[in-house]
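Q: build me a model from this:
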Amino acid sequence: MSYDLPDPALLASVRISYQPIVRLADGSLDHVEVLARTAADDGTIRGPEDILNAMTSGAHAIRLTETIIERTLDEYERFGFAAHGLPLAFNLRLDAMLHPGLTRLVDSLRARCGLAPDLLRFELTEDQPVHNLAAAHAVITDLRDAGYGLALDDITPDMPYLAALLDMPVRAIKLDRSVVTSLQPAAQSFVRSMAAQASARQQDIVAEGIETPAQQETMRASQVTHGQGYLFSRPLTASTLRAYLNAH
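A: Here you go, the predicted structure:
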């Protein structure tokens, strides 16, 4: 597909890492989130800001998304992750999701590796509120019907259009780290409310940013089903992920 391209140097600097997401019931690996970062000339890995700042339009967002998926699926083949049936979760900005041809692009990239759609998931994020909720619902439904997993990412109490977004046909919701780590009663009440709604919809609910056993136990007691954070694993390169999979 042809796009208005971001800076080629930025595309060349993209590096991929992976963070495990586990089932809180037994600590077993469920899937990994793909984290895209950029590397400086000296090899230093920068934070996510470079990637986010480059997504200045839907066209830029989808071109970067394409690069990230291509790099990840190349590593998926080279490091033998298919032998583990490892599901991957990619971040997908809602404005990129609404770009024409997204489903066709994802299908094409997946088919090159012969992966089943249910091994690919998309965590939907937004920097700006999406006002065309009907269009978002239609694309999410198309991706779901094609077999892909969808999750709403970075859920907080003040998220715009939260009630409408929760009614989308998604497989999971992810609680933002700020909510997970907060000791405020309102935050903990929000966690329990989201967990109850997810259970009623037969959705998974993932807590991001778990760093201590106490936070893990609080989330488990609140009926949160999955966890992600340094308590379980820091982000891994492809080679260290392979070692992690072999060890588990």
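Q: any residues touching the helix or strand bottoming out on mean pLDDT in the chain, and which ones?
A: Within the chain, no helix or strand scores below helix 49-54, which has a mean of 73 by mean pLDDT, DSSP states H and E. For helix 49-54, contacts defined as Cβ atoms under 8 Å, 6 or more residues apart in numbering pick out 6, 7, 10, 13, 14, 36, 37, 38, 60, 64, 127. (C-beta placed from N, C-alpha, C; glycine too.)
Q: where do the strands sit along this protein?
A: Ranges of strands in the chain, per DSSP state E, are 14-23, 29-38, 88-93, 120-125, 149-155, 172-175, 204-207, 226-227.
Q: for residue 45, which of those strands is the nearest?
A: Across those, residue 45 has its closest neighbour in strand 29-38 (5.0 Å, Cβ to Cβ).
Q: still on that earlier bit, taking the contacts of helix 49-54, tell me the two that lie furthest apart.
A: 13 and 127 (21.1 Å).
Q: more neighbours: which of these two?
A: residue 13 (17 against 10; other Cβ atoms under 10 Å).
Q: now do the same contact list for that one.
A: So residue 13 contacts 38, 39, 40, 50 (Cβ under 8 Å, 6+ apart).
Q: give me the buried subset of the residues you listed.
A: Taking 16 or more other Cβ atoms under 10 Å as the criterion, what is buried in the contacts of residue 13 is 38, 50.
Q: quick check: the residue of the chain most remote from its centre vs residue 67, distance?
A: Distance from the C-alpha centroid of the chain, by Cα atoms, centre = their mean, peaks at residue 42 (27.9 Å). Look at residue 42 and residue 67: by Cβ to Cβ, to the nearest Å, they are 22 Å apart.
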